[in-house]
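>>> take a look and give me a structure for this.
(chains A and B)
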Amino acid sequence: QKEVEQDPGPLSVPEGAIVSLNCTYSNSAFQYFMWYRQYSRKGPELLMYTYSSGNKEDGRFTAQVDKSSKYISLFIRDSQPSDSATYLCAMVPLMDSNYQLIWGAGTKLIIKP
Amino acid sequence: DSGVTQTPKHLITATGQRVTLRCSPRSGDLSVYWYQQSLDQGLQFLIQYYNGEERAKGNILERFSAQQFPDLHSELNLSSLELGDSALYFCASSESGGEDTQYFGPGTRLTVL
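Predicted coordinates for the structure are as follows:
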């Protein structure tokens, strides 16, 4: 079993829909949670960064962390065709000084005009 | 533009050959990371350097090696190339090499024929 599980999709939704992207994890030591967006053949770029449980909002994006369920989500409101990309979750365990990102496989999102 | 530069953008070579990929981190970043991304494997962490010293190793093959120079640029050397080494290779940098944000370069696409 992988430490971080993420459905690879593709997830196809109509423009304007609310998108929900999710990752589950098995290591309770994870404390930092990130969502990266990757356009085709480009490098990933950081979208959201959260520490521990709770919600964080940034424009149309909301990141949610539920540590009790070991589950994180990224919500995209009013989705646009330009949101079509692969979304990767990443996590960092709080242990010693080796802050290595553990990555999900990425979910390919397609927003249909 | 993340501020991380990678050269070359594309590389086509034959099996058994050796190549060198180069990365310049963002100004002020001390840590460099190398990742491999292939279609069926997702983003795989290879190795991390911090201020010239190796800090962490991931799934890096013995045929691969890396180093970070005094000016903080880094090189990833891939030798005895196999067809399966064809992938996108990303470099990322961060300020401290801890849980801080990693900024990704545009990647080098390696094709081994």
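
>>> next SSE downstream of the host helix or strand of A:Ala90?
A:Ala90 is part of strand A:85-93, with elements assigned from DSSP states H and E. The first helix or strand that comes after strand A:85-93 along the chain, using DSSP H and E, is strand A:102-103.

>>> strand partners of that next one, parallel vs antiparallel please.
strand A:85-93 (antiparallel) (DSSP bridges).

>>> circling back: buried residues, the strand holding A:Ala90. List them.
A:85-93 (16 or more other C-beta atoms under 10 Å in any protein chain shown). Just so you know, the C-beta spots here come from the backbone N, C-alpha and C atoms, and that holds for glycine as well.

>>> same thing with stretch B:106-113?
Neighbour counts over stretch B:106-113 (16+ other C-beta under 10 Å) mark B:106-110, B:112 as buried.

>>> ok, the residue most central in space within chain B to chain A distance?
In chain B, the residue lying closest to the centroid (C-alpha atoms, centre = their mean) is B:Trp34, at 3.2 Å. Plainly put, B:Trp34 is 12 Å away from chain A if you go by C-beta to the nearest C-beta, to the nearest Å.

>>> also B:Leu78?
Per C-beta to the nearest C-beta, B:Leu78 is found 19 Å from chain A.

>>> residue 100: neighbour count?
Here I'm looking at chain A. 18 (other C-beta atoms under 10 Å in any protein chain shown).

>>> meant chain B actually
Residues lying near B:Asp100 (other C-beta under 10 Å) number 15.

>>> right, I'll call it a day here.
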